[in-house]
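Asks: Dropping a prediction and its sequence here:
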Amino acid sequence: MFLLPHARTVVAINCALESHNSRFNHLQGPARLVDHVGSMFPKLSPLGSPQPFLPLAPSPLSPFTNTSIPKLSGLCTLNFSTAESLISVTAIDCWEVFAPFLANVICCPQLEATLTILIGQSSKYTNVLALNGTNAKHCLADVEQILMGQGAATNLKQICSIHSSNLTEASCPVKNVNDFYDMVDTTKLLTACDKIDPVKECCYQVCQNAILEAATTIASKGSDVLAMDSPQVQTKHPLRISDCRNIVLRWVASKLEPVHAKKVLRGLSNCNVNKACPLVFPDTMQVARGCGDGISNKTACCNAMESYVSHLQKQSFITNLQALDCAETLAMKLKRSNITADIYGLCHISLKDFSLQEAGCLLPSLPSDATFDRISGISFLCDLNDNIPAPWPSTSQLTSSSCNKSVNIPALPAAASSQSSGLYSHEIMFFVLAALSFLLMATM
């Protein structure tokens, strides 16, 4: 259900900010476009060739860096040095300005993976795959302090809905490593999850099924569910299964090197990320009014649609696959309002219109991280598929697995005169400013 690694159009947005009295006063974004000819889904016919985007902008400023020393409780039993590099990556992924906009795709999955790895690595010495309630509170507070000291958002617990109970065993009846070995076929589990293909795993779910099987097994410990078979346990005790799944993930993380574990965990979480549209859709009443009566007034209809979409564009960056789901979700809402005509085509609505604007950035559907350097600032990858129209589902069209879909990437931005070309790609330097900078600055 993902883009193949060799089939992407990628943009790195390097947003640099200057610090003044702990406020970010300037935002500018040099970006490099690197295109790789390939394909992704679904099959669409782009309209025309996009034009080069080359607005002018000043040189980037030196980025803001927070070098404060964290105040730790001294009561957390986790060894933070075992995942030091992952913590640094998490701080960048959850950087203060971008955290709310990258939360669903990058920041929160990375934070959850880091916590899982910290507890998993700790279990090698403690022999338990969970923290007790008191220790969990201290450890979560310490992680938050460490991340804030490296520039992460101050409200990550709220942004990612992380609670100290997420670090405990919660309702799962198994947390001891020895008990885990007694109940679970660990060889089978590790074989399934040692290495995963982030594309194939989301379609065939080899590791996910092994994790679910292990979680169901340890969830069955206890007299109330002992007599149930696996399907019954999964149906009647979904919360327990979910809590035990966290235990299983920590065990897997304990058997892998932290960097390797991170790849596995992010690959698994990305399967869930791309399954659903994370946007909140306002009421479609105004669009229904403007586009009613068989769209008697095209201008009024498209103005209403443009106004509606502008609200979506203030929410967050999303992946290209999420954008497809968002387009389908909105189309279904509009159809329930008796709008049957393809107003996406009528009003030239494209997939990038569902993501944070003005840059039109669609994040890759494969796991990715933001990066930081002191010269260019914070960077993250975008699939800039500007000319892919949002698909309007037909009446007979049924939602099908994205694993069976494909798409043709539209023509890439026309080359500028200063472009350098090579065998596999050509590069265009341009700057991303305008509404994106305004939106980010407006949040502070």
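Replies: Great, that's in hand. All values derive from a computational prediction rather than experimental measurement. Numbers count the residues shown, from 1 in each chain.
Asks: residue boundaries of the strands in the stretch 251-400 of the chain?
Replies: 318-319, 362-363, 371-373, 377-382 (DSSP state E, counting those that start in this stretch).
Asks: With I247 as the reference, name the closest of these.
Replies: strand 318-319 (28.4 Å; Cβ to Cβ). Bear in mind the C-beta positions are built from the backbone N, C-alpha and C, glycine included.
Asks: And the average pLDDT for the closest one is what?
Replies: For strand 318-319, mean pLDDT is 94.
Asks: again, but for stretch 162-175
Replies: 97.
Asks: So which bits of that stretch are buried?
Replies: By neighbour count on 16 or more other Cβ atoms under 10 Å, the buried set for stretch 162-175 is I162, S164, N166, L167, T168, E169, A170, C172, P173, V174, K175.
Asks: and if you look at stretch 106-126?
Replies: Neighbour-count burial for stretch 106-126 flags 106-123 (criterion: 16+ other Cβ under 10 Å).
Asks: Just the CA atoms of it, as CSV, please.
Replies: C-alpha atoms of stretch 106-126 as CSV (Å, rounded to 0.1, in the frame of the first residue of the first chain):
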residue,chain,number,x,y,z
ILE,A,106,6.2,11.5,12.0
CYS,A,107,6.4,12.9,15.5
CYS,A,108,4.1,10.6,17.5
PRO,A,109,5.1,7.3,15.8
GLN,A,110,8.7,8.2,16.5
LEU,A,111,8.0,9.1,20.2
GLU,A,112,6.0,5.9,20.7
ALA,A,113,8.8,3.8,19.1
THR,A,114,11.4,5.4,21.3
LEU,A,115,9.5,4.7,24.5
THR,A,116,8.9,1.1,23.4
ILE,A,117,12.6,0.6,22.7
LEU,A,118,13.7,2.2,26.0
ILE,A,119,11.5,-0.2,28.0
GLY,A,120,12.4,-3.1,25.8
GLN,A,121,16.2,-2.5,26.3
SER,A,122,15.6,-2.0,30.0
SER,A,123,14.0,-5.4,30.3
LYS,A,124,17.4,-7.1,29.6
TYR,A,125,18.4,-6.0,33.1
THR,A,126,15.1,-5.8,35.0
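Asks: Just confirm A276 contacts Q322, I think it does.
Replies: Yes. Counting by Cβ atoms under 8 Å, A276 touches Q322, with 7.4 Å between them.
Asks: related to what we said a few turns ago, adding distance to T299 and mean neighbour count, write the strands of the stretch 251-400 of the chain out as CSV.
Replies: As requested, those are exported to CSV (distance: least, Cβ to Cβ, whole Å; neighbours: other Cβ atoms under 10 Å):
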stretch, distance to T299, mean neighbour count
strand 318-319, 29, 27
strand 362-363, 28, 26
strand 371-373, 44, 16
strand 377-382, 31, 23
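Asks: Can you add distance to L156 and give those strands back as JSON lines?
Replies: Formatted as JSON lines, those follow (distance: least, Cβ to Cβ, whole Å):
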{"stretch": "strand 318-319", "distance to L156": "20"}
{"stretch": "strand 362-363", "distance to L156": "19"}
{"stretch": "strand 371-373", "distance to L156": "17"}
{"stretch": "strand 377-382", "distance to L156": "16"}
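Asks: nearest to N135, of the ones you listed?
Replies: Comparing the strands of the stretch 251-400 of the chain under Cβ to Cβ, the one sitting nearest is strand 371-373, at 30.9 Å.
Asks: So which elements touch the closest one?
Replies: Other helices and strands packing on strand 371-373, by 3 or more Cβ pairs under 8 Å, 6 or more residues apart in numbering; DSSP states H and E, are strand 377-382.
Asks: Could you rerun that using 10 Å?
Replies: For strand 371-373, the packing partners by 3 or more Cβ pairs under 10 Å, 6 or more residues apart in numbering; DSSP states H and E come out as strand 9-20, helix 84-93, strand 377-382.
Asks: Please verify my assumption that V128 contacts A136.
Replies: No. Using Cβ atoms under 10 Å, V128 makes no contact with A136, being 11.9 Å away.
Asks: just checking, which of the buried residues of stretch 106-126 belong to helices?
Replies: Members of the buried residues of stretch 106-126 lying in helices (criterion: DSSP state H): 108-123.
Asks: Which of these sits closest to I87?
Replies: Taking Cβ to Cβ as the measure, I87 lies nearest T114 of these, at 6.2 Å.
Asks: Next, the contact list for that closest one, please.
Replies: 80, 83, 86-91, 93-94, 143, 147, 253, 258, 261-262, 265 (Cβ atoms under 10 Å, 6 or more residues apart in numbering).
Asks: what packs against the helix or strand hosting N178?
Replies: Following DSSP states H and E, one finds N178 within helix 177-183. On a contact count with 3+ Cβ pairs under 10 Å, 6+ apart, helix 177-183 meets helix 108-126, helix 206-219, helix 238-254.
Asks: hmm, who's touching it?
Replies: By Cβ under 10 Å, 6+ apart, helix 177-183 touches 123-124, 126-129, 173-174, 176, 186, 189, 214, 217-221, 244, 247-248, 250-251, 254.
Asks: Can you tell me which of those are buried?
Replies: By 16+ other Cβ under 10 Å, those give 123, 128-129, 173-174, 176, 189, 214, 217-221, 244, 247-248, 250-251, 254 as buried.
Asks: care to break this protein down by domain?
Replies: Per automatic domain parsing, the structural domains of the chain span 9-65+277-442, 91-273.
Asks: Where among these is average confidence lowest?
Replies: domain 9-65+277-442 (a mean of 65).
Asks: List the residues that contact P100.
Replies: Per Cβ under 10 Å, 6+ apart, neighbours of P100: C94, C107, A153, N155, Q158, I159, Q315, S316, L440, T443.
Asks: Most widely separated two among these?
Replies: Using Cβ to Cβ, the pair of the contacts of P100 lying farthest apart is Q158 and L440, separated by 18.4 Å.
Asks: who's more crowded, those two?
Replies: Ranked by neighbour count (other Cβ atoms under 10 Å), Q158 and L440 place L440 first, with 19 against 10.
Asks: For the stretch 201-350 of the chain, just list every one of the helices.
Replies: Along the stretch 201-350 of the chain, counting by DSSP state H, counting those that start in this stretch, helices occupy 206-219, 230-236, 238-254, 258-273, 285-290, 292-295, 298-312, 320-336, 343-346.
Asks: Surely V287 is in contact with K333?
Replies: Yes. Using Cβ under 10 Å, V287 is in contact with K333, at 8.9 Å.
Asks: Need the overlap of contacts for those two.
Replies: Both V287 and K333 are in contact with I339, where contact means Cβ under 10 Å, 6+ apart.
Asks: of these two, who's got more company?
Replies: More crowded of V287 and K333, by other Cβ under 10 Å: V287, with 26 against 16.
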